[in-house]
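1. Okay, structure incoming, though there's no sequence with it:
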């Protein structure tokens, strides 16, 4: 795995997350905080969990203390969540910008670094899918979230 491949995957992750966040603006406030649930989380809880996971993994990769679990706190508003994602993406961009191809095979918590990086992108896909199911049930599908629809926007093909 190359560092540029990881940066591509995280660009996809952001693109898809933004589509879900933008679509979530159309649902009723009660559907954001209460509404239908998948497992124990509603729409807002699912999306807050995705952010919290990003923050914890990135902090770990950077050797920093991991922040508390956001999902254990109150449900953020949609605007608060969007703002927190903007902050997280800036921090993630700084970190990803430091990675080299040689770093990819390094160790992180007893796994290869690139495995943990890809894990987080995959984790985001799972929870965006859950959010998309709820959004669709509320009459607001976020549309296609697949990497194959993102790729042409990056490669110019």
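-> Thanks, I have it. Treat the numbers as computed from the prediction; the structure is a model and nothing was measured.
2. Now do stretch 133-145: distance from first to last residue.
-> 12 Å (Cα to Cα, to the nearest Å).
3. Pull out the buried positions in it.
-> 134-135, 138, 140, 142, 145 (16 or more other Cβ atoms under 10 Å). (Glycine included, C-beta is placed from N, CA and C.)
4. mean confidence for that stretch?
-> Average pLDDT, stretch 133-145: 95.
5. Then stretch 66-83?
-> In this model, stretch 66-83 carries a mean pLDDT of 89.
6. Return the distance of that stretch from the chain's centre.
-> Offset of stretch 66-83 from its chain centre (Cα atoms, centre = their mean, to the nearest Å): 13 Å.
7. Show me what it is in contact with.
-> Contacts to stretch 66-83, defined as Cβ atoms under 8 Å, 6 or more residues apart in numbering, come from residues 21, 24-25, 32-33, 41-42, 44-45, 47-49, 51-52, 55-56, 59-60, 84.
8. Figure out the length between the terminal residues of it.
-> Start and end residues of stretch 66-83 are separated by 19 Å (Cα to Cα).
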